[in-house]
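1. Take this sequence and fold it.
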Amino acid sequence: MNAVRVLEYFGCEVHYHQNQTCCGQPAFNAGFWPEAQEVAEKFIGEFNNDRYVVVLSSSCTGMIKNFYADLFQNSSLQNTWKQIKKNTFEFVDFLVNVLKVDTSTMRFDASITYHDACSALRECNIYEEPRKLLKPIQGIDWRDLENNRTCCGFGGTFAAKYEPISVGMGDQKCIEAEKTGAEFLVSSDLSCLLHLKAYLENKNSPMKVLHIADILVEGIR
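-> Numbering: from 1, shown residues only. Okay, the predicted model is just below:
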């Protein structure tokens with residue numbers, strides 16, 4: 001809802017498809033490609049229009065824009081997917097590169113450090129965009145996160161299949177975040193935040209996690 005409020009603030013008319021479900025990524029990553037294609041076909045049917053598709057998770061964005069190519073190669077839906085691909089943007093990417101928003105009049109009085117999701121970096125080529133959104137906001141004390149290009153350890157099914165490794169990676173990421181002394185650990189990817197929030201809460205850390213939309217919505221109130 002915060003993302004919707006932010007988009008509307010910047011002039012968008014937001015439509016939410018009530019029947020939408022998963023993009024198919026979990027099944028795809030687990031090797032169940034026929035099942036993933038069935039879900040992806042549902043997605044294509046629901047978003048087959050000329051509107052922008054704004055996605056709140058870069059892993060889903062990467063799935064739609066990159067890996068649907070494997071599912072729909074030589075398919076009758078290939079051209080439809082290609083059009084949807086052109087219209088699909090991760091939330092931060094959309095704000096910066098399509099809407100070209102100015103956040104310099106916003107305010108958020110807190111110290112933050114930023115975690116770059118693997119899918120944002122490697123699948124969507126998003127790095128400067130969150131910094132362009134957050135750094136101009138008045139009151140933000142930006143603190144660089146060491147090794148910010150290193151995975152947090154979630155990785156979808158990776159966290160279930162390789163739990164000890166996932167926990168160790170999450171531990172290292174949270175240690176580095178806490179070293180900054182920031183009040184909030186911020187990211188644009190919900191799955192990373194779910195993983196990191198659970199770890200911080202488990203160790204009774206005072207650091208909180210926020211999605212970038214949570215900060216932006218505070219700036220427009």
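
2. So what touches whatever helix or strand Ala36 lives in?
-> Under the criterion of DSSP states H and E, Ala36 resides in helix 33-46. With contact meaning CB atoms under 8 Å, 6 or more residues apart in numbering, helix 33-46 is reached by 17, 19-25, 27-28, 64, 68, 70-72, 77, 80-81, 84. (Each C-beta comes from the backbone N, C-alpha and C, glycine too.)

3. From the chain's centroid, how far away is it?
-> Chain-centre distance of helix 33-46: 21 Å, with CA atoms, centre = their mean, to the nearest Å.

4. hmm, back to that, of the contacts of helix 33-46, grab the buried ones for PyMOL.
-> Per 16 or more other CB atoms under 10 Å, the buried members of the contacts of helix 33-46 correspond to this PyMOL selection:
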select buried, resi 23+24+25+27+28+64+68+71+72+77+80+81+84
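
5. what are the ranges of the strands in this protein?
-> With DSSP state E as the criterion, the chain has strands at 53-55, 88-90, 107-114, 138-142, 184-187, 208-211.

6. Any idea which of the ones you listed gets closest to Cys12?
-> strand 53-55 (8.1 Å; CB to CB).

7. Could you check how many residues crowd around the residue nearest to Lys132 when sequence neighbours are not counted?
-> Spatial nearest neighbour of Lys132, excluding adjacent residues (CB to CB, 6 or more residues apart in numbering): Val96 at 5.3 Å. Val96 sits with 20 neighbouring residues when counted by other CB atoms under 10 Å.

8. Against Val4, how distant is Val96?
-> Distance from Val96 to Val4, counting by CB to CB, to the nearest Å: 18 Å.
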